[in-house]
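In: after the sequence you'll find the predicted model.
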Amino acid sequence: MKLKYAVYEEVYPDGFYPFSLVKPSSFIIYRYKRLIEWIKEEVGEIEGFIAPEYIINAYELKKANNFDVIINSRIKPELIREALDQLKDGESLWENNTLVASKGSLKNSVKKKVNGFLFKGLWEITGSLYNPPFEKSSIEGEVNKFSVIDDSKGPVIIEKGARIEAMSVIYGPAYISTGSVISFAKVAMSYVGKYCRIGGELERSIIEDFANKAHFGFVGDSYIGSYSNLGAGTTTSNLKNTYGTIKVFNGRERVDTGKIKVGAFIGDFVRSSINTSIMSGKTIGPFSHVTGTVKSDIKPFLFYDMPMDLTKLIEQTKRYIASKNTRLKAHIEELINGAYKTFSDNKA
């Protein structure tokens, strides 16, 4: 009998804060592809998602009602098969009180403790950029003759519809998605989503669909959420002057990454003013506006240092997203209201 699989999206805050508040964690980019794509490669088509209602509706996901196996979307793709092979009917795997996977009825399952199956945080995601799943370069987009594509250290993918403008340099491994424009920029070991504008320096970073870093400034070892816009001169630090390891806020507490190079984790719909400087390891919650030197983590829904007016935020976001070719615009009000309620209910 063919098993039916459901993907479990943890309730915010989880290890993929600040993104899990406004999107399925399975949409996070890992090794240049969404986690949900890696899951499907391992188990085939999924029956649906177990997620907050506003996430299900906003992203038009199929709600899982009839399934045999549950898989946490934060599971490391390389360990999916190992996790499933450990499961017998009526058993579930748990890591630090978080469900990893289960088979049969979760309510009455026999719990087994495991370790190392779930991503601890987003610094492990950006670290995956060293390991692309593609072996050869593929250049289908428009590349200006005065730009440079260097794939001597890793392959470069430039999708059809992408454009690399004059004086830009792309160092592999790198992935530039359709509709994106790289303008007078250096891009190295990075993923650029669909319909982004990239200028300045981008290294070992992920920029999701419809996000912009169009001007000068350095972003390194960072993850930038969809629909965000970084003003000219915005720069992320990715290294302490002391060369010490960097701690990151995971929605509940600050945890030591054990790494000396970690940038910023900037949620969806974030805006930074010109010449904003963001210190190493900082998280910026979705729908927030930041300026100056960001020395501490920024909560969601902040207009600089003031709480956001939700009515104005909805109006502004609707205007911004109206021109984007995305189904999300039909559900943006429900997404904002759902995320705001979830955040408010979980305030410390």
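Out: Everything's here; your move.
In: name the nearest residue to H215, ignoring sequence neighbours.
Out: Excluding its sequence neighbours, the residue lying closest to H215 (CB to CB, 6 or more residues apart in numbering) is A232, at 3.5 Å. Using the backbone N, CA and C atoms, a C-beta is placed for each residue, glycine as well.
In: mind listing what that neighbour touches?
Out: Shown in contact with A232 (CB atoms under 8 Å, 6 or more residues apart in numbering): A214, H215, F216, G217, I274, N275.
In: quick one: which of those residues has the most company?
Out: In terms of neighbours by other CB atoms under 10 Å, the contacts of A232 top out with G217 at 22 neighbours.
In: for I71, see how far away that one is.
Out: 38 Å (CB to CB, to the nearest Å).
In: pass me the low-pLDDT residue ranges in the protein, would you?
Out: The model of the chain has pLDDT under 70 over residues 1, 348.
In: can you spell out the domain ranges of it, please?
Out: Domain assignment for the chain by automatic domain parsing gives 5-127, 135-307.
In: how many residues are close by T311?
Out: 8.
In: tell me which element it falls in.
Out: helix 310-321 (DSSP states H and E).
In: quick one: buried residues of that helix?
Out: Going by neighbour count (16 or more other CB atoms under 10 Å), the buried part of helix 310-321 is L313, I314, T317, Y320, I321.
In: show me the two of the residues you listed that sit farthest apart.
Out: Among these, the pair separated by the greatest distance (CB to CB) is L313 and I321, at 12.0 Å.
In: now do the helices in this protein.
Out: Listed in chain order, the helices of the chain (DSSP state H) span 35-43, 53-58, 80-86, 122-126, 310-321, 332-345.
In: winner for burial among those helices?
Out: helix 122-126 (a mean of 22; mean count of other CB atoms under 10 Å).
In: these two touch, right, A185 and S168?
Out: Yes. If you go by CB atoms under 8 Å, A185 and S168 touch, sitting 4.9 Å apart.
In: please name the nearest non-neighbouring residue to K329.
Out: Nearest to K329 is I321, by CB to CB, 6+ apart, at 4.6 Å.
In: please apply the same query to L99.
Out: N72 (5.7 Å).
In: and the one you found, how far from P132?
Out: In this view, N72 and P132 are 24 Å apart by CB to CB.
In: looking at these two, which has the bigger crowd around it?
Out: The neighbour comparison of N72 against P132 (other CB under 10 Å) goes to N72, with 28 against 20.
In: surely the more buried one meets N96?
Out: No. If you go by CB under 8 Å, N72 and N96 don't touch, sitting 11.8 Å apart.
In: quick one, what contacts K112?
Out: K112 sits next to Q86, E91, S92, L93, W94 when contact means CB under 8 Å, 6+ apart.
In: to clarify, my last question referred to I274.
Out: G231, A232, G233, T234.
In: can you tell me which of those are buried?
Out: G231, A232, G233, T234.
In: surely the first one meets S273?
Out: Yes. Contact criterion CB under 8 Å: G231 and S273 qualify, at 5.0 Å.
In: can I get stretch 39-59 in PDB, CA atoms only?
Out: C-alpha atoms of stretch 39-59 as PDB (Å, rounded to 0.1, in the frame of the first residue of the first chain):
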ATOM      1  CA  ILE A  39      11.000  16.300   0.800                       C
ATOM      2  CA  LYS A  40       9.100  15.400  -2.400                       C
ATOM      3  CA  GLU A  41      12.200  13.900  -3.900                       C
ATOM      4  CA  GLU A  42      12.400  11.500  -1.000                       C
ATOM      5  CA  VAL A  43       8.800  10.500  -0.500                       C
ATOM      6  CA  GLY A  44       7.000  11.600  -3.700                       C
ATOM      7  CA  GLU A  45       3.900  13.700  -3.700                       C
ATOM      8  CA  ILE A  46       2.500  14.700  -0.300                       C
ATOM      9  CA  GLU A  47      -1.100  14.500   0.800                       C
ATOM     10  CA  GLY A  48      -1.000  18.000   2.300                       C
ATOM     11  CA  PHE A  49       0.200  20.300   5.100                       C
ATOM     12  CA  ILE A  50      -0.500  20.600   8.800                       C
ATOM     13  CA  ALA A  51      -0.100  24.300   9.400                       C
ATOM     14  CA  PRO A  52      -1.800  27.400  10.900                       C
ATOM     15  CA  GLU A  53      -5.000  28.200   9.100                       C
ATOM     16  CA  TYR A  54      -3.800  31.600   7.900                       C
ATOM     17  CA  ILE A  55      -0.700  30.000   6.400                       C
ATOM     18  CA  ILE A  56      -2.800  27.300   4.600                       C
ATOM     19  CA  ASN A  57      -5.100  30.000   3.100                       C
ATOM     20  CA  ALA A  58      -2.500  32.600   2.200                       C
ATOM     21  CA  TYR A  59      -0.300  30.200   0.300                       C
END
